[in-house]
Each structure stands twice: as C-alpha cells, then as structure tokens.
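Chemist: model this:
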Amino acid sequence: FKGNASSSMIELFHKQVNGYKGFLKYNEQSLNLFNEMYSQLERGYGIENLIHSNMCLGYFLTTMIYNDRYDVRTHLKHKDVLDKAVDFLGSNITEMLTLNEMASAVNLSPSHFSFSFKKKTGFSPIEYFNHLKVQKACQYLLFTDLRVREIALELGMTDPYYFTRMFTKVMGMSPNNYREKKIH
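Modeler: Predicted coordinates for the structure are as follows:
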C-alpha cells in the first residue's frame, strides 16, 4: 500500500512488533474488515468500491498496529492516564474546568499533565477542552433550535460573548453564521 501516511503506519507497526514481522492476536473484527475489503474489490474497481475499501484499510491497519491494546468491540482495553484524561474531559463537557482540576482528575501535576497531554494530542488541555465544547456546540447548532446563549449555558459558560469569541476562533465563523451556512 502507499500514500502520504503509509510510511508512518509502517514505522508504528515496526515499533509495536520490533520488526516487520510479528504475532497478532486473533481479532474477529480485523478479519471481518479484511473480508469486507476483499469482497468489495472482488466486485470490481469502481470508484465506490475503491473508496469503501480505502476507508476500511485505515481502520484495519489500526487494529493491527495497536493489536495488543485495542479491541474494536470494547475500544481501548488498557487506558493510559491521558486516555483517562480525555474521557474525563468528554464526560465533563458541561463544566468549566481549570488546568489544576484536569490534572488532579488523573493524579498528575499541572505542568507534567500539560506537557504530556500536548505531546500526545497536539493541543494544550484547555485548547482541547475548548475544541470539545465547540464540537458539542456545532451539534446543538445543527440539530436543535437552542439560541446561542442557551447553548453556551448547556456547555457551562455563563458569558455568551466569551462563548461566541471562542467558537469563532476555533471555527472561523460565529455560531449564527455556522448555523446559517449548514442549514442552507
């Protein structure tokens, strides 16, 4: 296989199994994904079949690269402290959390937590949390009739102007413009 990310995937697999060959635990979902890709390609190489197989391939490779810790039926089996932090942020989306509260939730110092979190996600914890809030806001804007002020309150933000500035910074447009563009 080839593509922009292929060398990165090969490098990840190489690190996981200490070489280019390795033992993979039986994973029924991986086998099903392979069979699905294969049967799509048996039907021909039309653009729809190729796109479907291509989209499955990344998922399939992920189950191989992280075979020892990922089970697609139960998701991450062995969560590290940062996986737990991400879960914590997602389950507290309606709160206004400080860095200290985030770090405390996973028993790390704020500085160590912040450094480790950014290394893993590419975002500071606060920036990541704000992105989660904006994602949730986008869902509210698309699927509800809640006003911007009400959405801000749903996300634990009492200042709708702060919320609008944060949303605009992340999305490049105001919440009202986002709603308008997605409806029409």
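
Chemist: ok, which stretches of the protein are strands?
Modeler: Assigned by DSSP state E, the chain shows strands spanning 70-71, 75-76.

Chemist: tell me, what's the model's pLDDT at F115?
Modeler: What the model reports as pLDDT for F115 is 94.

Chemist: report the contact partners of it.
Modeler: Counting by CB atoms under 8 Å, 6 or more residues apart in numbering, F115 makes contact with nothing. Where C-beta positions appear, they are placed from N, C-alpha and C, glycine not excepted.

Chemist: where does this structure have low pLDDT?
Modeler: Counting by pLDDT under 70, the chain shows low-confidence ranges at 1, 23-24, 68-78, 183-184.

Chemist: do that again at 80, thanks
Modeler: 1-3, 5, 9, 13-27, 42-45, 49, 64-79, 182-184 (pLDDT under 80).

Chemist: look up how far S53 lies from D83.
Modeler: Going from D83 to S53 by CB to CB, to the nearest Å gives 29 Å.

Chemist: correction: D145
Modeler: 40 Å.

Chemist: picking up where we left off before, between D83 and S53, point out the one with more neighbours.
Modeler: S53 (19 against 15; other CB atoms under 10 Å).

Chemist: my read is that that one contacts L41, right?
Modeler: Yes: applying CB atoms under 8 Å, one finds S53 in contact with L41, separated by 5.6 Å.

Chemist: helices of the chain, residue ranges please.
Modeler: 6-17, 28-42, 47-65, 81-91, 99-105, 110-121, 125-143, 148-154, 160-171, 175-183 (DSSP state H).

Chemist: where does M157 fall, phi/psi-wise?
Modeler: In terms of degrees, to the nearest 10, the main-chain angles of M157 are phi -110, psi 120.

Chemist: that one against F167, yeah?
Modeler: No: the criterion here is CB under 8 Å, and M157 misses it with F167 at 10.0 Å.

Chemist: ok, these two, which is more surrounded?
Modeler: Remark: of M157 and F167, F167 carries more neighbours, 27 against 20, as counted by other CB under 10 Å.

Chemist: could you measure from the more buried one over to D83?
Modeler: Distance from F167 to D83, by CB to CB: 27 Å.

Chemist: go on, R43?
Modeler: For R43 relative to D83 (CB to CB), the value is 38 Å.

Chemist: how about E11?
Modeler: 21 Å.

Chemist: next, count neighbours for the closest residue in space to F163 that isn't next to it in sequence.
Modeler: In space, not counting the residues next to it along the chain, F163 is nearest to A152; the distance is 3.7 Å by CB to CB, 6 or more residues apart in numbering. Per other CB under 10 Å, the neighbour tally for A152 reads 24.

Chemist: could you do E28 as well?
Modeler: With other CB under 10 Å as criterion, E28 counts 10.

Chemist: repeat that for T121.
Modeler: Counted with other CB under 10 Å, T121 comes out at 15.

Chemist: grab the nearest non-local neighbour of it.
Modeler: Nearest one to T121, counting by CB to CB, 6+ apart, is Y128 at 5.6 Å.
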